[in-house]
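Trainee: Mind looking at a prediction? Sequence and model below.
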Amino acid sequence: MKMTMDKYDIEKLRNLPIEGVAQRLGLRVERHKSLCPFHEDSHPSLSFKVSKNTCRCFVCMTQSIGPIDLVMRHLGKDFKEACRWLADEHNIILDEWKPAQTDEVQKPFDATRFERFFERPWLLPEARKFLFDERRIDPRVVRWCRLTSWKDKQGVPWLQTPYYDCEGKLVGVQNRNLIRGALPRFRFPSGSQCGIYNLPVLNLLKPGEQLFITEGCSDCWAMLSAGHKAIAIPSATLLTNDVRGKMEEVRCKFGIQFHMFPDNDTPGERLFFQLQKVLPSLVHHQLPLGCKDFSEYYLQTITKTKIQNG
Ligand SMILES: [Zn+2]
């Protein structure tokens, strides 16, 4: 595990809406105020400044604090622990949880060891709950993506996501821990190439059809469930040369128009502008205010539709 946190990861965490973070910590926020958990408080004296994404108690604090500090103080965690807690709560994949960098010596990916798992996918109750109850992913998408699950010797359930190249060759596997809050969050078999996700969809694209680019595979499943064709690039990261090169390749080979709903924060916007340099025709779609990513938006729309349909 790396000793330092990636600065883009940290920025992503710093940009998590402060009031949402406070609520996840169990504070009741009303009209940008809540009871201060750091002193005996009977009138809400912790106040939130949404524009600066900070909060401050005017009784017991000398200065404003951001989301990471709030978590550190409230849960008594150190900086790194607080970052991991925040990332886990918000489905952000920290750099330290990603596959080892290619400059480290590791065994090449052995596809033959894993292929059979995806031939007959199997969903544990924990995986069904995660995919269908919490994220409302369409079962057809789960089948198309060949998502499967397994339990390790300790009884920990993992969701297993295969990564294929354009020709349908298995090139990497992502394991996601299905126990809430458990670490490590992700595991990748040695040599896994988990760069661009869902590349086989390119073969289904008709001329002139839209292709959405999402951040991370769970946003991609939401996008597919919403009826769009989509691929995903690794989440919460600066675009690597490798991914940039692959996108350029996809653009030249398939000549399609790319679309994107960037995450509603600074890193999300920056990723959009980076991608736009490689894909000049990339179309920007704005998420509604209050939706941090497409998954959240998708959940809102699907819930609304369900209410309307009785
Ligand atoms: Zn206070």
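Mentor: Cool, the structure landed.
Trainee: Do I have it right that residue 297 meets residue 285?
Mentor: No - counting by C-beta atoms under 8 Å, residue 297 stays clear of residue 285, with 10.0 Å between them. C-beta: built from backbone N, CA, C; applies to glycine.
Trainee: give me every residue that touches the closest residue to residue 56 other than its chain neighbours.
Mentor: When the adjacent residues along the chain are set aside, residue 56 lies closest to residue 64, with 4.2 Å between them (C-beta to C-beta, 6 or more residues apart in numbering). Residues counted as contacts of residue 64 (C-beta atoms under 8 Å, 6 or more residues apart in numbering) are 49, 52, 54-56.
Trainee: Would you list the phi and psi of residue 64?
Mentor: phi -70, psi 150 (degrees, to the nearest 10).
Trainee: Report the separation between residue 193 and residue 59.
Mentor: 53 Å (C-beta to C-beta, to the nearest Å).
Trainee: These two: which is more packed in?
Mentor: residue 193 (17 against 13; other C-beta atoms under 10 Å).
Trainee: Low-confidence ranges, the stretch 101-250 of the chain, go.
Mentor: 101-106, 235-239 (pLDDT under 70).
Trainee: Just the closest residue of it to the ion, please.
Mentor: residue 181 (26.8 Å; C-beta to the ion).
Trainee: Now for residue 297 and residue 285: what residues contact both?
Mentor: residue 261.
Trainee: more crowded one of these two?
Mentor: Neighbour tally, residue 297 and residue 285, criterion other C-beta under 10 Å: the higher count belongs to residue 297, 21 against 12.
Trainee: tell me the contacts of the more buried one?
Mentor: For residue 297, the contact set (C-beta under 8 Å, 6+ apart) comprises 261, 287-288, 291.
Trainee: ok, which stretches of this structure are helices?
Mentor: 7-14, 18-24, 67-75, 79-89, 111-119, 125-128, 139-144, 217-225, 241-254, 266-278, 294-308 (DSSP state H).
Trainee: Might one say that residue 58 is in contact with residue 44?
Mentor: No - using C-beta under 8 Å, residue 58 is not in contact with residue 44, being 10.9 Å away.
Trainee: Compare those two (neighbour count), which wins?
Mentor: residue 44 (17 against 10).
Trainee: near the ion, which residues of the protein show up?
Mentor: Contact residues (C-beta under 5 Å from the ion) of the chain with the ion: 36, 38-39, 57, 59-60.
Trainee: Can I get the residues you listed in CSV including pLDDT?
Mentor: Shown next, in CSV, are the residues of the chain next to the ion (pLDDT from 0 to 100):
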residue, pLDDT
36, 96
38, 94
39, 95
57, 95
59, 93
60, 94
